[in-house]
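Participant: Okay, sequence plus prediction incoming.
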Amino acid sequence: MNTLVKICGLTRKDDVSCALDNGAAFLGFIIECPSKRRLSVAQAAAIAPATLAAQRVAVTVNPDDALLARIMDEMTPDYIQLHGDETPARTAEIARNFKVKIIKAVGIASDDDMKDAEAYAGVADFILYDAKPPKGEKVRGGHGIAIDWNVIARAPTPKTFAVAGGLNPENVAEAMTATRAPIVDVSSGVELSAGVKDAQKITAFMDAVRNG
Ligand SMILES: O=C(O)c1ccccc1N[C@@H]1O[C@H](COP(=O)(O)O)[C@@H](O)[C@H]1O
């Protein structure tokens with residue numbers, strides 16, 4: 001299987017180039033939400049122009065229409081990733097009103113969470129299964145916490161889906177084998193510090209995916 005990679009939480013032009021050189025299919029930018037990797041819309045537009053040879057993903061948390069309009073006008077991303085508490089109805093509304101492809105992130109800790117995620121199958125272009133953030137944590141992702149991949153393995157999954165959460169060069173092959181994910185997503189697992197990617201780790205991650 002030709003597994004695609006999404007590298008998320010990019011904040012620097014050099015890291016964008018490194019991700020592209022290594023063959024990442026999706027590049028994620030955390031836009032105007034609580035995060036150590038937070039970018040303004042203008043900053044994201046500057047490091048992720050529409051000419052990039054990868055799908056550009058604007059990662060948002062419970063965005064209102066005003067923020068979405070600014071993102072669509074200034075950054076023109078290929079996907080909006082909804083990483084908050086957006087309901088299936090709100091997800092469908094955003095896809096319809098902004099005519100943009102949607103990735104819906106869903107926190108997974110149990111079989112019931114996989115069942116709940118099914119509600120997004122018809123409304124998001126694909127679901128991204130991520131770990132739940134620690135209780136009471138305002139920052140909704142990027143904590144380097146892994147999902148129990150067996151929970152994904154024993155659930156029915158759509159044809160296209162992504163697995164995120166605590167992936168790194170050492171464990172991604174095992175995650176791929178366990179989940180059969182067509183897309184894997186990594187942020188903190190290829191970093192030196194929050195928002196600062198490590199070129200060697202990116203290369204090692206991509207090699208592990210190719211050989212996995
Ligand atoms: O990375 C963040 O700071 C972040 C903030 C708000 C929403 C999502 C965020 N990151 C997403 O978390 C997953 C997994 O990250 P990790 O590999 O466990 O570090 C990834 O999709 C990021 O987009």
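Facilitator: Here it is on my side, so go on.
Participant: three-state assignment of the residue of the chain found nearest the ligand?
Facilitator: Using CB to the nearest ligand atom, the closest approach of the chain to the ligand is made by residue 142 at 2.1 Å. Where C-beta positions appear, they are placed from N, C-alpha and C, glycine not excepted. When classified by DSSP: H, G, I helix; E, B strand; the rest coil, residue 142 comes out as coil.
Participant: How about it: what's its closest non-neighbour residue?
Facilitator: Nearest residue to residue 142, sequence neighbours excluded (CB to CB, 6 or more residues apart in numbering): residue 187, at 4.9 Å.
Participant: I'd like to know how many residues surround that neighbour.
Facilitator: Using other CB atoms under 10 Å, residue 187 has 28 neighbouring residues.
Participant: Test my guess that it contacts residue 7.
Facilitator: Yes: if you go by CB atoms under 8 Å, residue 187 and residue 7 touch, sitting 7.5 Å apart.
Participant: For these two, list the residues in contact with both.
Facilitator: Common contacts of residue 187 and residue 7 (CB atoms under 8 Å, 6 or more residues apart in numbering): residue 28.
Participant: check whether the helix or strand encompassing residue 57 contacts the ligand.
Facilitator: Residue 57 is located in strand 55-60, with elements delineated by DSSP states H and E. Yes: counting by CB under 6 Å from any ligand atom, the ligand is contacted by strand 55-60 at residue 59.
Participant: tell me what that strand is packed against?
Facilitator: strand 26-30, helix 65-74, strand 79-82 (3 or more CB pairs under 8 Å, 6 or more residues apart in numbering; DSSP states H and E).
Participant: show me where this protein has strands.
Facilitator: Here the chain has its strands, by DSSP state E, at 4-7, 26-30, 55-60, 79-82, 101-107, 126-130, 161-163, 183-186, 191-193, 196-197.
Participant: which parts of this protein sit against the ligand?
Facilitator: Contact residues (CB under 6 Å from any ligand atom) of the chain with the ligand: 8-9, 28, 30, 33, 35-37, 59, 61, 83, 130, 139-144, 164-167, 185-189.
Participant: List only those of those flagged as buried.
Facilitator: The neighbour-count test (16 or more other CB atoms under 10 Å) marks 8-9, 28, 30, 33, 35, 37, 59, 61, 83, 130, 139-143, 164-167, 185-189 as buried among the residues of the chain next to the ligand.
Participant: max-length helix in this structure?
Facilitator: If you go by DSSP state H, the chain has its longest helix at helix 199-211.
Participant: Stretch 143-162: which residues count as buried?
Facilitator: Going by neighbour count (16+ other CB under 10 Å), the buried part of stretch 143-162 is 143, 145-147, 149, 151-152, 155, 157, 161-162.
Participant: nope, stretch 17-29 is what I meant
Facilitator: For stretch 17-29, by 16+ other CB under 10 Å, it's 18-19, 22, 24-29.
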